[in-house]
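**Student:** next comes the sequence, and after it the predicted model I'd like to discuss.
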Amino acid sequence: MKQNLVITIGRQFGSGGREVGKRLAELFGIDYFDKELINEAAKESGLSPEFFEKADEKAPRSLRNFFTVVWTPFGSSFGSDGSLNNETIFKYQSDVIINITNTKPCVIVGRCADYILRNCPSCVSVFIHAPLKNRIDRIISRSGEDMTPEEAAELAEKKNKMRQNYYNFFTDKEWGAAASYDLSIDSSILGCEGTALFVKDFIEKKFNGKI
């Protein structure tokens, strides 16, 4: 079963979801993908990673006028105004996610991976959240610059709104709703390490110790 295991991580900004995902990859001895998916999608499409970076976890409404290109060899992939069709970007990234999970076990953070892999029986979807106070503290501690709690809260709200719009646009589920995932957990209760261990135990029990 381990050779087919895929763990998808949805997360609130500042909840430590990325850290939990990385730790899970270490605990299971499998690959970890987050921003790496952007480069893989760019290679697959032949486009610059910049296209995917600007589109990363943003719903089409947020992308208006972001992309301007001169050469348009992809036909319907581009709109009449020369803008890159966001559904095309999503498809490239979806194809990369499917291709990766067909060849190796891994942890994938964000990018609607749980929905893209909804028919994969060995996929476990997890959502990491935390109270605003904890998220503010984490955002400030990792910012590397002076940031007020108000600025951190504003940033968290902005990022989460973008992720929510992106997820809700491309899936038939609701971002952050417990019913959308196999497991939803508050990382502030056990901390990132304890949360990763808890999720590992959950996954092993889900598959009856066959991981």
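**Tutor:** Cool, the structure landed.
**Student:** where along the chain do the strands fall?
**Tutor:** In the chain, the strands defined using DSSP state E lie at 6-11, 31-33, 106-109, 123-129, 183-186.
**Student:** list the buried residues of the second one.
**Tutor:** With burial defined by 16 or more other CB atoms under 10 Å, the residues of strand 31-33 counted as buried are Y32, F33. C-beta coordinates here come from the backbone N, C-alpha and C atoms, glycine included.
**Student:** a markdown table please, covering the strands of the chain and showing mean pLDDT and distance to D137.
**Tutor:** As requested, those are exported to a markdown table (pLDDT from 0 to 100; distance: least, CB to CB, whole Å):
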| stretch | mean pLDDT | distance to D137 |
| --- | --- | --- |
| strand 6-11 | 98 | 16 |
| strand 31-33 | 94 | 24 |
| strand 106-109 | 96 | 21 |
| strand 123-129 | 98 | 15 |
| strand 183-186 | 98 | 14 |
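**Student:** just give the number of residues close to the residue nearest to F202 when sequence neighbours are not counted.
**Tutor:** Nearest residue to F202, sequence neighbours excluded (CB to CB, 6 or more residues apart in numbering): L183, at 5.7 Å. Neighbour count for L183, taken as other CB atoms under 10 Å: 16.
**Student:** then the one 5 residues further on?
**Tutor:** For S188, the tally of surrounding residues (other CB under 10 Å) stands at 18.
**Student:** isn't it up against A130?
**Tutor:** Yes: using CB atoms under 8 Å, S188 makes contact with A130 at a distance of 4.4 Å.
**Student:** one step back: OK, contacts around the residue nearest to F202?
**Tutor:** By CB atoms under 8 Å, 6 or more residues apart in numbering, the contact set of L183 is V124, S125, V126, F127, V199, F202.
**Student:** and it, how far from F33?
**Tutor:** 19 Å (CB to CB, to the nearest Å).
**Student:** got the buried residues for stretch 144-160?
**Tutor:** Residues of stretch 144-160 classed as buried: M147, A152, A153, L155, A156, K159, N160 (neighbour count, 16+ other CB under 10 Å).
**Student:** can you tell me which of those residues are in helices?
**Tutor:** Per DSSP state H, helices hold the following members of these: A152, A153, L155, A156, K159, N160.
**Student:** so which of the residues you listed is the closest to E53?
**Tutor:** Nearest to E53 among these, counting by CB to CB, is K159 at 14.9 Å.
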